[in-house]
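Trainee: Predicted model and sequence follow; I will ask about them next.
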Amino acid sequence: MRPQKHHRRLAGITLALLTLLVLGLMKPPVSSAQKEQRPRARDAGVIVGVLSPGSLNAITDVTGVMVGHTTVVRDANVRTGVTAILPHGGNLFREKVPGAVFIGNAFGKLAGSTQVNELGEIETPIMLTSTLNVPRVADATIDYMLALAGNEDVQSINPLVGETNDGFLNDIRGRYVNRENVLDAIKNARSGAVEEGAVGAGTGTVAFGWKGGIGTSSRKLPQNLGGYTVGVLVQTNFGGILTMNGAPVGRELGKYYLKEQLEKSAAASQQTPDRADGSIIIVIATDAPIDHRNLNRLAARSMLGLARTGAAGSNGSGDYAIAFSTATELRVRNLPNERTKPSAALLSNEAMSPLFLAVIEATEEAIYNSLFRATTTTGRGHTVEALPIDRTLEILRKYNALTVH
């Protein structure tokens, strides 16, 4: 009888352990996003400007725009990815959108920009990645476009691929973004909320010495100003002296460009992550009926939003803005045996001013969101801390730059 009692006792213990595992221990793996829930800037009380955001406060508030990410993280050295922005869900080669590229500083490898500015059209998804992956992303984007139904006779494709250099945290020489990663980002692009922070093309980026990444924001004009929406998405990887709503956050946190040199520190090094080089890509979408000329003017104003955040505009920072209009009446339809030109009425120059303010505010807030949503990241033996939100909010309160809900 003793062996039977012993077995029953073991069975009871086993059942109890299994119950505990089921109830509490056998939970699904916790993702890094679940471990650290970080708010967006506006949710924390950082209200930028006077115009209201769209319902999502994202580039996808512009109807038809979709965003997709592929994040590539391997072992201790690979922290990179690719992000796709689709102006609409159809065949972009057959229904091109008006577009423009504005160059703040041309230290970069923005593929496809010259044709966009020559013809005033964008004919592929807008792709973002890391510097040395540009040719691979362009090649895969061409594969995607050539394979679309209706493009069987196409012999020229102009892929538009922007980049920033994620080599501080990522083994950039390995060029780990492959064809499947690119196709996944495009095919998985969706409308709705946009994932921000250390994802996609922002996985390994650094901004103001803190972890940068992908950020987005939008502004919707009131009906008496046309009711148009402007959405912005940024890939942040640049430096300067971080400023939020006019408050000197970077200075107060003790991390900013030239700090070591100004303090004459012997430890000053151009290898620190708070140097100002690095780049930013700003992607701007609007449903306003504007052509290449005014899209270029709109893109130029995004640099004012960049300046508000304290960007230093260094020699090694490639600062680019890509703008497009989703207005269906302005699409350039390039169908077999058919060549049509848009005949829609365009906004006047005078009507552009509210849109200019919208893009300035949305750019500024998108940059803040890239910092607020990014998480501490380690790669290539370096660790870049996430912006300390509690301390940042304390500084903003000190300078009356925070809206209390």
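Mentor: Yep, that arrived.
Trainee: who does the helix ranked longest in the chain touch, helix- and strand-wise?
Mentor: Scanning the chain for the helix with the most residues, using DSSP state H, yields helix 353-373. Here helix 353-373 touches strand 206-207, strand 214-220, strand 229-236, strand 280-286, helix 292-308, going by 3 or more CB pairs under 8 Å, 6 or more residues apart in numbering; DSSP states H and E. Quick note: C-beta positions are derived from backbone N, CA and C, even for glycine.
Trainee: That helix - what's its average pLDDT?
Mentor: The average pLDDT for helix 353-373 rounds to 98.
Trainee: swap in stretch 261-272?
Mentor: On average, stretch 261-272 scores 65.
Trainee: Just the pLDDT at the residue nearest the centre of the chain, thanks.
Mentor: In the chain, the residue lying closest to the centroid (CA atoms, centre = their mean) is Ile214, at 3.0 Å. For Ile214, the model assigns a pLDDT of 99.
Trainee: The one 3 residues further on too?
Mentor: Predicted confidence (pLDDT) at Ser217: the value is 99.
Trainee: list the contacts for it?
Mentor: Counting by CB atoms under 8 Å, 6 or more residues apart in numbering, Ser217 makes contact with 48, 53, 57-59, 231-232, 361-366, 369.
Trainee: residue ranges with poor pLDDT in the stretch 1-150 of the chain?
Mentor: 1-36 (pLDDT under 70).
Trainee: Enumerate the positions of the longest helix of the chain that are buried.
Mentor: By neighbour count on 16 or more other CB atoms under 10 Å, the buried set for helix 353-373 is 354-373.
Trainee: Grab the nearest non-local neighbour of the residue nearest to the centre of the chain.
Mentor: Nearest residue to Ile214, sequence neighbours excluded (CB to CB, 6 or more residues apart in numbering): Gly202, at 3.9 Å.
Trainee: For that neighbour, list the residues it contacts.
Mentor: Neighbour list for Gly202: Gly81, Thr83, Glu196, Gly212, Gly213, Ile214, Gly215, Gln235, Thr236, Asn237, Ser370, Ala374 [criterion: CB under 8 Å, 6+ apart].
Trainee: Confirm the second one sits in a strand?
Mentor: Yes. Secondary structure of Thr83, determined by DSSP: H, G, I helix; E, B strand; the rest coil: located in a strand.
Trainee: Now do the contacts for the residue nearest to it when sequence neighbours are not counted.
Mentor: Among residues not flanking Thr83 along the chain, Gly200 sits closest, at 3.7 Å (CB to CB, 6+ apart). By CB under 8 Å, 6+ apart, the residues touching Gly200 are Gly68, His69, Thr70, Thr71, Gly81, Val82, Thr83, Leu128, Ala185, Ile214.
Trainee: Ramachandran coordinates for Gly200?
Mentor: Main-chain dihedrals, Gly200, degrees, to the nearest 10: phi 50, psi -130.
Trainee: Also Gly162?
Mentor: phi -100, psi 170.
Trainee: Can you name the residues that contact the closest residue in space to it that isn't next to it in sequence?
Mentor: Spatial nearest neighbour of Gly162, excluding adjacent residues (CB to CB, 6+ apart): Ile281 at 4.0 Å. Counting by CB under 8 Å, 6+ apart, Ile281 touches Leu110, Leu128, Gly162, Glu163, Thr164, Ala201, Val234, Gln235, Tyr320, Ala321, Ile322.
Trainee: Who does Ile281 form a beta bridge with?
Mentor: Note on Ile281: beta-bridge partners by DSSP bridges are Gln235, Tyr320.
Trainee: how close does it sit to Leu393?
Mentor: Using CB to CB, to the nearest Å, Ile281 is found at 28 Å from Leu393.
Trainee: again, but for Asp171
Mentor: 35 Å.
Trainee: With Ala345 instead?
Mentor: 46 Å.
Trainee: Looking at the two, which one has more neighbours?
Mentor: A side-by-side neighbour count of Ala345 and Leu393, using other CB atoms under 10 Å, places Leu393 first with 18 against 7.
Trainee: Return the residues in contact with that one.
Mentor: Each residue near Leu393 by CB under 8 Å, 6+ apart is listed here: Ala44, Gly45, Leu402.
Trainee: hmm, 7 Å instead?
Mentor: Contacts for Leu393 were tallied using CB atoms under 7 Å, 6 or more residues apart in numbering; they are Ala44, Leu402.
Trainee: What of Ala106?
Mentor: Each residue near Ala106 by CB under 7 Å, 6+ apart is listed here: Gly318.
Trainee: What backbone torsions are found at it?
Mentor: With angles defined as degrees, to the nearest 10, Ala106 sits at phi -90, psi 30.
Trainee: Nearest residue to Glu196 in space, please, no chain neighbours.
Mentor: Glu196 sits nearest to Arg373 (CB to CB, 6+ apart), 3.9 Å away.
Trainee: I'd say the one you found and Ala198 touch.
Mentor: No. If you go by CB atoms under 7 Å, Arg373 and Ala198 don't touch, sitting 8.2 Å apart.
Trainee: list residues touching both of the two?
Mentor: Gly213.
Trainee: Wait, Ala189 touches Ala84, no?
Mentor: Yes. Counting by CB under 7 Å, Ala189 touches Ala84, with 5.2 Å between them.
Trainee: So if I had to pick from those two, which one is more boxed in?
Mentor: Ala84 (28 against 19).
Trainee: any idea how far Ala323 is from the more buried one?
Mentor: Note on Ala84: its distance to Ala323, by CB to CB, is 17 Å.
Trainee: ok, now Leu86?
Mentor: 15 Å.
Trainee: Those two - which one has more neighbours?
Mentor: Ala323 (30 against 21).
Trainee: which ones are touching Glu364?
Mentor: Val48, Gly305, Arg308, Thr309.
Trainee: Tell me who's in contact with the residue lying closest to the last one once chain neighbours are set aside.
Mentor: Spatial nearest neighbour of Thr309, chain neighbours left out: Ile367 (4.8 Å); criterion: CB to CB, 6+ apart. The neighbours of Ile367, taking CB under 7 Å, 6+ apart as the test, are Gly215, Val234, Thr236, Thr309.
Trainee: Can I take it that Gly89 is in a strand?
Mentor: No. Gly89 is assigned coil when assessed by three-state DSSP, not a strand.
Trainee: now the helices: where do they sit in the stretch 51-200 of the chain?
Mentor: With DSSP state H, counting those that start in this stretch as the criterion, the stretch 51-200 of the chain has helices at 113-119, 134-147, 179-187.
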